[in-house]
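**Student:** Kindly return the folded structure for what I paste below:
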Amino acid sequence: LDLRISQGKKTEKFEINFAKYIGTKHAVAVNSGSSAIHLALIKSNVNPGDEVLCQSFTFCGSANPIKYLNAKPIFIDSEPETLNICPTYLEAAIKDRLTHGVKPKAIIVVHLFGMPANIEAIKEISKNYKIPIIEDAAEALGSKYKNQLCGTLGEFGILSFNGNKVITTSSGGALLVKTNKE
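**Tutor:** Take a look at the predicted model:
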């Protein structure tokens, strides 16, 4: 009899089935969406002193993991169409940081209120500057951008299963990994 509630065979089965549903290589269950961001930052090689670009209009759980790693959040304002990170301001911030000799290590994009960010423009910027995207899709489970589920558009995606989210397990989250970079 397996009585574990936060790990074990049922969690493994959930991770496998959820990865299939969402369309990623892996889904890793964690205790919160913020923990998923923390892990994505670690896997993106964010170290103390590094800078991470993060949209300003979000819950603190999107930015706090940057500070957990003693890195520096660089907040980017929103665009009026989606209320999410503005691609124009994002690129301007990258150019500014580069003129100061600093290349940001990651971009945290939040799909706020289930509204997908302008991910096509953001991905182009990410590609041009070779900065990975971490998608905070905590509020966007089931939302799509051009027929692709939010959380599957960047190098990493995160979801939250907190009590106020689309699907809840009363707490918890998931790190979505679309490549073999485990």
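
**Student:** since we're on A36, how many residues are nearby?
**Tutor:** Neighbourhood size, A36 [other C-beta atoms under 10 Å]: 31. Where C-beta positions appear, they are placed from N, C-alpha and C, glycine not excepted.

**Student:** How about the secondary structure of it?
**Tutor:** When classified by DSSP: H, G, I helix; E, B strand; the rest coil, A36 comes out as helix.

**Student:** and it, what is it in contact with?
**Tutor:** Taking C-beta atoms under 8 Å, 6 or more residues apart in numbering, we find A36 in contact with V28, V30, I158, L159, S160, G173, A174, L175.

**Student:** quick one: R97 and E51 touch, right?
**Tutor:** Yes - when contacts are counted by C-beta atoms under 8 Å, R97 is listed as touching E51 (6.2 Å).

**Student:** of these two, who's got more company?
**Tutor:** When R97 is set against E51 and neighbours are counted by other C-beta under 10 Å, the residue ahead is E51, at 20 against 17.

**Student:** what bridges to that one?
**Tutor:** E51 has the following beta-bridge partners by DSSP bridges: K72.

**Student:** so how far is I74 from it?
**Tutor:** Distance of E51 to I74, given as C-beta to C-beta, to the nearest Å: 5 Å.

**Student:** Which ones among the contacts of A36 map onto helices?
**Tutor:** Restricting the contacts of A36 to those inside helices, with DSSP state H as the criterion, leaves an empty set.

**Student:** related to what we said a few turns ago, what is in contact with R97 and E51 at once?
**Tutor:** Listed contacts common to R97 and E51 are I74, P104; contacts here mean C-beta under 8 Å, 6+ apart.

**Student:** Farthest-apart pair in the contacts of A36, please.
**Tutor:** Taking C-beta to C-beta as the measure, those span a maximum distance of 13.6 Å, between V28 and S160.
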